[in-house]
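A.B. asks: Please work out how this folds:
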Amino acid sequence: MALVKPFKAIRPTKDKVSFVASRSYEEYSKDELKSVLKYNPLSFLHIINPGFKFDKNISGKERFRLVHNRYLEFLEEHIFQKDEQACFYLYQIEKDDFTSLGFFCACSVMDYRTDVIKKHEDTIQHRERIFADYLHAVGFNAEPVLMTYEDDDQVHRIFQNEIQHPPEFDFSTPDRVNHKMWKISDPKTIGQIESLFDQKEALYIADGHHRSASSNLLAKKMEQQSKAHTHNDSYNFFMAYLIPESHIKIHGFNRMIKDLNGLTAKEFLIKLDGYFRIEKQENGFRRPLKKHHFCMYLDGEFYSLHLRRTNYTFTDALSRLDTQILCKTILEPILGITDLRNDQRISYGHGKGSPIAMKECVDEGEFAVGFSMAPITMEEIKAIADAGLVMPPKSTYIEPKLRSGLAIYEF
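C.D. replies: Presented below is the predicted three-dimensional model:
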């Protein structure tokens, strides 16, 4: 059964939250990052980029130590405040016609170990160790793991009742996203939420496999070092943002390949014919809307590829996944790409962006061919996770994308 716990969050003060909250570090271009750091001294980016203060690139353990120092400065300068009571934190994100309402909580590493928390991606051990060392050094977690749960009418009613009250935070960001946060501090309501999630058999990681794996690794290290270890110690939990499955939005990733593995365009098309029925799209790009239907851009033309079921066998949930089909029918056997994480010949662009961007990259000669496909569904993610299988890398681009620095969990 799923264990969720309230926690005493460290949060920005109301008057500073819009300045503190930042997008994920990786989403900023080099110039944009430099501009934010220069003109917004309250941005959470100053904590995770401590070298800016010294006009120096800092890495490794020295960076970890300075991240901790910048965090302490934000507390000392009352940019951050710590709640005195353990709470759940409702967080609503609104953009255009997309709204997500979920809550920050502490989830158990024991649930991660026993597969109550389900995974669908592999993690890289080297990255796990680095981030576990980072967490140990800085003593806090500011980026929650995004997880989903099956839609629940009782949970929904509790949350709808809570959002009738004035929010703790209510602000908009330059990308026209509105952010609201409410504290759930009433012990009775907290107990109801805990009880409802105790009845759930599983939670599913949507985004944050490395963060959750690193938190688990940190807990193992702390257990070994502590003589008075208990399962309630703060390091046995990590911060998560839980949303119902219906509040998640999934986009695909385009695949772009630098060369055709020594083949001409015509030779490549002939080899594809063994697995696909190929149709040239005379009127330009059409986004794939059905499973096992791919769009390909090659040599100035868009093509539709329809999988020939006679030459491909479905054996499990993974084999039915379009990203796996593309891998097993084209990338590996024809283009010779077997290491999807590290091969420099393949690049990924999330399907939320315009397919014209993929076309332009191929037309400019940077890539030889590009592929797009219909987004993976939540049902497919759950089937993969329930079977203990692993998706190919970059199978999903998932929204909502959370702001860093809104709620912080201390170990």
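A.B. asks: which residues in the stretch 201-350 of the chain form helices?
C.D. replies: Secondary structure of the stretch 201-350 of the chain, counting by DSSP state H, counting those that start in this stretch: helices at 209-225, 265-272, 322-326.
A.B. asks: Out of the ones you listed, which is the most enclosed?
C.D. replies: helix 322-326 (a mean of 22; mean count of other CB atoms under 10 Å). To be clear about C-beta, it is placed using only N, CA and C from the backbone, and glycine gets the same treatment.
A.B. asks: Which elements pack onto it?
C.D. replies: Here helix 322-326 touches strand 369-373, going by 3 or more CB pairs under 8 Å, 6 or more residues apart in numbering; DSSP states H and E.
A.B. asks: so what strands line up beside the strand it packs on?
C.D. replies: strand 253-257 (antiparallel), strand 293-298 (antiparallel) (DSSP bridges).
A.B. asks: now the longest one, how far from the chain's geometric center?
C.D. replies: Yep, that's strand 293-298 we're talking about. Here strand 293-298 is found 26 Å from its chain centre; the criterion is CA atoms, centre = their mean, to the nearest Å.
A.B. asks: Likewise for the shortest one?
C.D. replies: From the chain centre to the centre of strand 253-257 is a distance of 19 Å (CA atoms, centre = their mean).
A.B. asks: Alpha carbons of it, as CSV, please.
C.D. replies: This file holds the C-alpha atoms of strand 253-257, laid out as CSV (Å, rounded to 0.1, in the frame of the first residue of the first chain):
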residue,chain,number,x,y,z
PHE,A,253,10.1,12.5,-28.9
ASN,A,254,11.2,12.8,-32.5
ARG,A,255,14.2,10.8,-33.5
MET,A,256,16.8,12.3,-35.9
ILE,A,257,19.7,10.3,-37.4
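A.B. asks: which residues are in contact with that strand?
C.D. replies: Strand 253-257 is contacted by residues 323, 326, 331, 335, 337, 345-351, 355, 358, 361-362, 366-372, 394-397 when judged by CB atoms under 8 Å, 6 or more residues apart in numbering.
A.B. asks: Return the members of those classed as buried.
C.D. replies: Neighbour counting over the contacts of strand 253-257 (16 or more other CB atoms under 10 Å) leaves 323, 326, 331, 335, 337, 345-347, 349, 351, 355, 358, 361-362, 367-372, 394-397 as the buried ones.
A.B. asks: what helix or strand is Ile93 on?
C.D. replies: Using DSSP states H and E, the element containing Ile93 is strand 88-95.
A.B. asks: packing partners for that strand?
C.D. replies: Under the contact definition 3+ CB pairs under 8 Å, 6+ apart, strand 88-95 sits against strand 98-108, strand 177-184.
A.B. asks: That one: partners in the sheet, and parallel or antiparallel?
C.D. replies: Under the criterion DSSP bridges, strand 88-95 sits next to strand 98-108 (antiparallel), strand 177-184 (antiparallel) in its sheet.
A.B. asks: Quick one: the helices of the stretch 201-350 of the chain as JSON lines, columns for distance to Lys188 and mean pLDDT too.
C.D. replies: Shown next, in JSON lines, are the helices of the stretch 201-350 of the chain (distance: least, CB to CB, whole Å; pLDDT from 0 to 100):
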{"stretch": "helix 209-225", "distance to Lys188": "29", "mean pLDDT": "93"}
{"stretch": "helix 265-272", "distance to Lys188": "61", "mean pLDDT": "97"}
{"stretch": "helix 322-326", "distance to Lys188": "45", "mean pLDDT": "96"}
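A.B. asks: mind showing which ranges of this protein have poor pLDDT?
C.D. replies: The model of the chain has pLDDT under 70 over residues 351-354.
A.B. asks: now the helices: where do they sit in the stretch 51-200 of the chain?
C.D. replies: Here the stretch 51-200 of the chain has its helices, by DSSP H, counting those that start in this stretch, at 60-76, 109-113, 125-138, 153-162, 187-198.
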